[in-house]
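Engineer: okay, structure incoming, though there's no sequence with it:
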């Protein structure tokens with residue numbers, strides 16, 4: 001019997017891991033896997049060095065409680081390529097495999113493992129490109145003579161930018177720094193997103 005640990009994560013307290021858990025539980029049910037436990041890092045950024053739930057998962061793997069990890073997407077493990085590679089090497093030495101739902105990757109096969117490394121690099125590249133696009137957008141606003149930062153008015157464009165950052169799992173401080181917005185504005189947008197999700 002395949003004994004699975006579900007690893008889920010969200011970057012802020014305004015986000016939810018519910019959709020990740022539901023999708024993973026549904027997959028495991030179809031595969032007839034035994035879900036031993038759900039390991040949840042709540043309000044933990046992808047690039048954070050310490051991920052308590054993930055560390056607890058590794059300890060349970062060492063104890064032989066789990067022989068497979070299922071995650072929703074590769075960025076739920078980490079947003080650092082070196083960390084992703086280190087994580088895969090660690091669980092590999094412990095005879096534990098990894099399945100990534102959205103990429104449909106299973107590291108039990110050599111092909112799946114190779115694709116995992118490739119996706120790790122692509123995920124890091126996308127994260128860097130996202131940062132560059134945001135900086136380019138801010139610079140374009142400056143050149144147009146538009147206000148940018150804490151003194152700027154609250155526009156629909158800026159609100160959408162905040163929403164995109166939240167959906168991408170970017171941390172609170174990083175979002176405020178990149179968009180040069182205040183805490184109050186950020187949390188108002190995050191709250192409105194939660195309200196919208198409840199209504200739908």
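Structural biologist: Right, received. Where do you want to start? Since the model is a prediction, treat every value here as computed from it, not as a measurement.
Engineer: now residue 75: how far from residue 167?
Structural biologist: 12 Å (Cβ to Cβ, to the nearest Å). The way it works is simple: take the backbone N, C-alpha and C, and place the C-beta from them, glycine included.
Engineer: now for the strand or helix carrying residue 159, which elements pack on it?
Structural biologist: Per DSSP states H and E: residue 159 is located in helix 156-167. Applying 3 or more Cβ pairs under 8 Å, 6 or more residues apart in numbering; DSSP states H and E, one finds that helix 156-167 contacts helix 110-143, helix 172-179, helix 183-199.
Engineer: identify the residues contacting the shortest one?
Structural biologist: Surrounding helix 172-179, the residues in contact under the criterion Cβ atoms under 8 Å, 6 or more residues apart in numbering are 12, 45, 131, 134-135, 138, 158, 161-162, 165-166, 170, 181-183, 186.
Engineer: and these, which is closest to residue 94?
Structural biologist: Proximity of those to residue 94 was ranked by Cβ to Cβ; the top entry is residue 45 with 25.3 Å.
Engineer: in contact with the closest one, which residues?
Structural biologist: 11, 79, 169, 171, 174.
Engineer: can you select the buried ones from those residues in PyMOL?
Structural biologist: In PyMOL, this line selects whichever of the contacts of residue 45 come out buried by 16 or more other Cβ atoms under 10 Å:
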select buried, resi 11+79+169+171
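Engineer: any idea which of the contacts of residue 45 the model trusts least?
Structural biologist: The lowest pLDDT within the contacts of residue 45 belongs to residue 79, with 74.
Engineer: which of the helices or strands spans it?
Structural biologist: Counting by DSSP H and E, residue 79 is part of no helix or strand.
Engineer: which residues touch the spatially most central residue of the chain?
Structural biologist: Nearest to the mean C-alpha position of the chain, counting by Cα atoms, centre = their mean, stands residue 76 at 3.7 Å. By Cβ under 8 Å, 6+ apart, the residues touching residue 76 are 7-9, 20, 46.
Engineer: ok, back up a step: out of the contacts of helix 172-179, who's the most crowded?
Structural biologist: residue 170 (26 neighbours; other Cβ atoms under 10 Å).
Engineer: tell me who's in contact with the nearest residue in space to that one that is not next to it in sequence.
Structural biologist: Nearest residue to residue 170 in three dimensions, chain neighbours excluded: residue 11, at 6.7 Å (Cβ to Cβ, 6 or more residues apart in numbering). Residues near residue 11 by Cβ under 8 Å, 6+ apart: 43-46, 169-171.
Engineer: am I right that residue 5 is in contact with residue 69?
Structural biologist: Yes. Counting by Cβ atoms under 8 Å, residue 5 does reach residue 69; the two are 5.4 Å apart.
Engineer: residues that sit against both of these two, list them.
Structural biologist: What both residue 5 and residue 69 touch, as defined by Cβ under 8 Å, 6+ apart, is the set 57, 61.
Engineer: about what we covered before: mean pLDDT for the helices and strands packed on helix 156-167: which is lowest?
Structural biologist: helix 110-143 (a mean of 62).
Engineer: buried residues in the strand or helix carrying residue 35?
Structural biologist: Counting by DSSP H and E, the element that carries residue 35 is strand 34-42. Buried residues in strand 34-42, counting neighbours by 16+ other Cβ under 10 Å, are found at 35-41.
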